[in-house]
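show me the folded form of this:
(chains A and B)
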Amino acid sequence: MALEVDIEKRLGSFHLRAAFSCGREFMGILGASGCGKSMTLKCIAGIEKPDRGRIVLDGRVLFDSEKRINLPPQQRRVGYLFQDYALFPGMTVRQNIQCGLHREKDKQKREKRSDDMLELLRLREVASLQPEALSGGQAQRAALGRILVNEPDLLMLDEPFSALDSFLRLKLQTELKALLTGYDRGILMVTHDRDEAFRMCERLGVMEQGQMQTVKGTKELFSDPETRAAAVLTGCKNIAEAQKTGEHEVAVPEWGIRLTTGKPVRDGLKAIGIRAHDFHPDTKENCFPVRILRETEEPFEWISEFRYEHQAAGSPAVWRRYPREFRTSEPPKQLGVAPADVLLLYE
Amino acid sequence: MDLFPLWNSLRIAAISSVIVFFTGIFAAYKVAKMPRIVKGILDVILTLPMVLPPTVCGYFLLLIFGARRPVGQFLMQFGIKIVMNWPGGVAAAVVVAFPLMYRTARGAFESFDQNLTWAGQTLGLSNTWIFWKVRMRACRQGILAGTVLAFARALGEYGATSMLIGYTPGRTATVSTTVYQLWRTNDEQGAFFWVMVNLAISAAVLLTVNMLEKKNGRLKWRSK
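I've put the predicted structure just below:
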C-alpha cells in the first residue's frame, strides 16, 4: 500500500476521524461540503496537524503523534492541486512550472523538462502568459504540470473541477483522466460530485461529518452503498425506513408495502433506498399500485413524483426518472422494482 | 541659498523608510499569524504612534534617548548622539512612519490567498523563498503603497523631530522645521521657497507611484 492514514483531529465541535489506505490507484473521497475531506488532504500534505494518529507514505513516516514525527510539507513529497489552482501571480506559466523544478540545479535540464511538460499539457502557446490570462482548463493543466514536474510520491486533487462551469467540467474530467492514465503513483481526489467520483475514481470512500465510512470499489459502492450517507451521496433519491421481516423481505411502513430483496437482509437494517431510475411499469416483482402526482419534463428524461396506494399521509412523494421514449400516453397504474435494485442500508 | 535642509530631510526620510520597510513588514507578517487576543493587543501598541500627537512620541523618545538616560548613555559610549543630532530625526521618523507601513502591509497580508503559500510548501519551496517571491509579489501593491506613505510621512515629520533634534541650521534643520523657523522669523520668502520644495517632492513621489503602477499594469488576481 502506498499511503496509509489513520488520523483524528478536533476543531471545536467538529471531529475528524479518517482511517484508510490508498494504493497506486485513483482513489476518491466523496462527501458533502464541510465534511472534512479537504481537511484530510491538508493533514496528509502537512498543512494541518492532526491531534493524533499516523500517516505513512511508501514506508516513509510523514506523521506519527506517538513518536512525535511531523514532517514539514516541504519534505513530504505530496502533490496538492488546489481548488483554485493557486498559480503564483506575477509569474508566467513557464515560470510557474519551473517552480516545481527547483531541485533540478542544471539550468539546461530544467528548461528541457519544463518544455516537455508544456508540450505534454498543450500549454506551449500560453507558456509566457500570466495566470490571470488563462482559461480554467489551462490554469488547471498549468497547476498540474507544476506538480508533475516536481515528481511527488502521491498526487492529491482537491475538488479540481468545482471552479469550472458544468459545460467544461465533463470535458476536463475525461481529459484529466486520460492524462493520468498510466500515472504510476497513487492519486487521491476529494469531491462532492457523484458523477465526477464515478467517472474518475477506481475506489471510493464516503465521508460524513468527519467520519470516513464505507471504502470500496466505485461500481460496488454505487450498486450497494450500505449506509444512508453513501446512498444519498451516490444520488439515491428515495430512502425510507424499513424493518427486516424475512430472509429476503423488508417492510416499509412509510410506503405501506413489503419488498423482496436481492441480497439476504442482515440484522440491524435501518432503511432501504431505491434509485429513481429503478422503477419500471413492466417489472413484475415488488409491483404495487401507484398514483402519479406530477410529471416534469427534462431535456432527455421525465421525472414523475408518485405515491403508493397505502403510503402514509405526510410522507414525501417517491421520485421516478425514465427516458423520454418510455413515456406512454396513459400514466402507469403500477410500478415494480427488481429485488436487486432495493438498496439495503444499515447505518 | 543653503540647501542643507533638503539634503537632511531626504537622508532622514530615505534611511527611516528602509528601516520601516523591513520592520513594518516583519511585524505585519508575525502579527497576522498571532492568536486573536495577542493580535489585538500588539495591534494597539504598534498603531499607537499614528494616533498619538507627534510631540508625545517625541517626549517618549527623549525619555529613551536622553543624554542622562540608560539607552542614551549607552549609545554615547560608541559616539552615537541621538538628541540634537540628525540621527535623532531618523528615530523620530521611524516611530511616526512605522504604523503606516505596518498597517498597509498587514491589510495586504490578510487578503493574501493562503493556498499560494501551501502550494509552494507542498512543492518543496522554502518558506523564505515563498515569502519573497510569492507573498511579497502578490502583496506588492499594498507594500508599495505602505512604503510611499511611510516615506511621505517621514519626509514631512515635524512634531517629534523638533522635540528630539530641534532646529540647528546646517546640522539638524529639515525642510519642515525650516519652514516653521523662517516663518517665525518673518522670512516669508524663505518659507515660501521651502514650501515649494516640499510640494515638488510630494508631487514627485506621487508621480513615481503612478508610473510604477502603470508599468506593472493593473494588478489583479483571483481573490479566492
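
CA atoms for contacts and neighbours, from now on please.
Noted.

what strand or helix carries residue A:245?
According to DSSP states H and E, residue A:245 maps onto strand A:243-246.

which positions within that strand qualify as buried?
Neighbour-count burial for strand A:243-246, with 16 or more other C-alpha atoms under 10 Å in any protein chain shown as criterion, is recorded at A:243-244.

before we move on, what about stretch A:277-297?
Using 16+ other C-alpha under 10 Å as the test for burial, stretch A:277-297 gives A:277-281, A:286-288, A:290, A:292.

repeat for stretch B:3-21
In stretch B:3-21, counting by 16+ other C-alpha under 10 Å, buried: B:4-6, B:8-17, B:20-21.

how distant is stretch A:17-27 from the center of its chain?
From the chain centre to the centre of stretch A:17-27 is a distance of 13 Å (C-alpha atoms, centre = their mean, to the nearest Å).

one step back: contacts for the strand holding residue A:245 next, please.
Here strand A:243-246 makes contact (C-alpha atoms under 8 Å, 6 or more residues apart in numbering or on different chains) with A:250-252, A:265-267, A:269-271.

residue A:72 versus the residue in chain B that chain A sits nearest to, what's the distance?
Using C-alpha to the nearest C-alpha, the closest approach of chain B to chain A is made by residue B:124 at 3.8 Å. Residue B:124 sits at a distance of 9 Å from residue A:72 (criterion: C-alpha to C-alpha, to the nearest Å).

any residue of stretch A:126-134 up close to chain B?
Yes. Using C-alpha under 8 Å from any C-alpha of the partner chain, stretch A:126-134 reaches chain B at residue A:132.

what is the end-to-end distance of that stretch?
Termini of stretch A:126-134 sit 8 Å apart (C-alpha to C-alpha).

ok, stretch A:229-242 next?
Distance across stretch A:229-242, first residue to last, is 16 Å (C-alpha to C-alpha).

what mean pLDDT does that stretch have?
The average pLDDT within stretch A:229-242 is 93.

can you list contacts of that stretch?
Here stretch A:229-242 makes contact (C-alpha under 8 Å, 6+ apart) with A:30-32, A:192, A:194, A:206, A:208, A:214, A:221-222, A:225, A:228, A:250-255, A:269-276, A:318-319, A:345.

can you check stretch A:248-265 too?
A:240-247, A:285-286, A:288, A:307-312, A:315, A:338-342, A:344.

can you tell me the closest non-neighbouring residue to residue A:111?
Leaving aside its sequence neighbours, residue A:111 sits nearest to residue A:98 (C-alpha to C-alpha, 6 or more residues apart in numbering or on different chains; 7.9 Å).

am I right that that neighbour is in contact with residue A:146?
Yes. Contact criterion C-alpha atoms under 8 Å: residue A:98 and residue A:146 qualify, at 7.0 Å.

more neighbours: the two, which one.
Legend: neighbour count by other C-alpha atoms under 10 Å in any protein chain shown for residue A:98 and residue A:146, higher for residue A:146 (28 against 23).

now tabulate the buried residues of stretch A:277-297 in JSON lines and tack on pLDDT, distance to chain B and secondary structure.
Shown next, in JSON lines, are these (pLDDT from 0 to 100; distance: C-alpha to the nearest C-alpha, whole Å; DSSP: H, G, I helix; E, B strand; the rest coil):
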{"residue": "A:277", "pLDDT": "95", "distance to chain B": "38", "secondary structure": "helix"}
{"residue": "A:278", "pLDDT": "95", "distance to chain B": "41", "secondary structure": "helix"}
{"residue": "A:279", "pLDDT": "96", "distance to chain B": "43", "secondary structure": "coil"}
{"residue": "A:280", "pLDDT": "95", "distance to chain B": "46", "secondary structure": "strand"}
{"residue": "A:281", "pLDDT": "94", "distance to chain B": "49", "secondary structure": "coil"}
{"residue": "A:286", "pLDDT": "95", "distance to chain B": "50", "secondary structure": "coil"}
{"residue": "A:287", "pLDDT": "95", "distance to chain B": "51", "secondary structure": "coil"}
{"residue": "A:288", "pLDDT": "96", "distance to chain B": "51", "secondary structure": "strand"}
{"residue": "A:290", "pLDDT": "95", "distance to chain B": "49", "secondary structure": "strand"}
{"residue": "A:292", "pLDDT": "93", "distance to chain B": "45", "secondary structure": "strand"}
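
take these and lay them out in TSV including distance to residue B:142.
What follows is these, written out as TSV (distance: C-alpha to C-alpha, whole Å):
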residue	distance to residue B:142
A:277	55
A:278	58
A:279	61
A:280	63
A:281	66
A:286	68
A:287	69
A:288	69
A:290	66
A:292	62
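
hmm, which two among these are most spread apart?
Spanning the widest gap among the buried residues of stretch A:277-297 are A:286 and A:292, at 17.3 Å by C-alpha to C-alpha.

among the helices and strands of chain A, which has the poorest mean pLDDT?
Lowest on mean pLDDT, DSSP states H and E among the helices and strands of chain A sits helix A:166-180, with a mean of 86.

following that one, which helix or strand comes up?
Once helix A:166-180 ends, the next helix or strand along the chain (criterion: DSSP H and E) is strand A:186-191.

quick check: phi and psi on residue A:204?
Main-chain torsions, residue A:204, degrees, to the nearest 10: phi -130, psi 140.
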